[in-house]
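Novice: Need a 3D model of the following:
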Amino acid sequence: MCKLVVKVYLDMIKNIKILKKEILSDNWYTLKKVTFEYQKSDGSVHTQVREAFDRGNGAAILLYSNKKGTVVLTMQFRLPTYLNGNESGMMIEACAGMLDGQHPEEAIRRETEEETGYKIKDILKVFEAYTSPGAVTEILHCYIARYSKDMKVGSGGGAEDEDENIEVLEISFDKALEMITTGEIRDAKTIMLLQYLRCQQIM
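Specialist: Have a look, this model is predicted:
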């Protein structure tokens, strides 16, 4: 059944050709207007124009403690959410950041120490995900790792040179799951990672 689904999927669109790329904005990240053509399964060729936002790839991690029954999350102001109905603009999230040319594991270890103050040891990559495939090119590499008191090497809060202002939160796992239902946690990557711990019966 899976092989059949994959074959149908691959036959839907083929012979994709990028005809033109235009940069609409590159003030922070890059917004491109792309003209492309493709062939449908019936042999017809179609041309479309779409916009794609390229902010690079990123990584996220959920720190957890079986012994304490807790997870470590962060809270910070996110302007786009403020512009779209989040009254305070504050978001509770798993630690995350851009790769900035590093290997995903190296990048997330750096981000974990900067944001949470924990220098983690063993780390497990659990999945990759396109964050918003209809508009954004980003692939997010998602990890989990155990944490303990002895791994705490700093206060966290983010990198000073990036003007970050991050609060570190230690929350019970059950409370974090409840916060998804209440709407206190609305960040997609955080919801996915919390549900991963639950589905895999890690917590």
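
Novice: So which other helices or strands are in contact with the strand ranked longest in the chain?
Specialist: As assigned by DSSP state E, the longest strand anywhere in the chain is strand 13-25. The elements that strand 13-25 packs onto, with contact taken as 3 or more CB pairs under 8 Å, 6 or more residues apart in numbering; DSSP states H and E, are strand 30-40, strand 45-54. Where you see a C-beta, it was placed from the backbone N, CA and C, and this is true even at glycine.

Novice: will you turn those strands into CSV that also has distance to residue 154, mean neighbour count and mean pLDDT?
Specialist: Below are these laid out as CSV (distance: least, CB to CB, whole Å; neighbours: other CB atoms under 10 Å; pLDDT from 0 to 100):
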stretch, distance to residue 154, mean neighbour count, mean pLDDT
strand 30-40, 33, 15, 95
strand 45-54, 32, 12, 96
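
Novice: Out of those strands, which is closest to residue 203?
Specialist: Smallest distance to residue 203 across these (CB to CB): 33.8 Å, for strand 45-54.

Novice: quick one, helices of the protein?
Specialist: 2-12, 79-82, 104-116, 173-182, 188-199 (DSSP state H).

Novice: can you list contacts of the second one?
Specialist: Contacts of helix 79-82 from elsewhere in the structure, counted by CB atoms under 8 Å, 6 or more residues apart in numbering, are 88, 89, 91, 186.

Novice: Let's have those residues in TSV, adding distance to residue 153, neighbour count and pLDDT.
Specialist: Converted to TSV, the contacts of helix 79-82 look like this (distance: CB to CB, whole Å; neighbours: other CB atoms under 10 Å; pLDDT from 0 to 100):
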residue	distance to residue 153	neighbour count	pLDDT
88	30	9	95
89	29	14	96
91	25	20	97
186	30	16	97
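
Novice: That'll do, ta.
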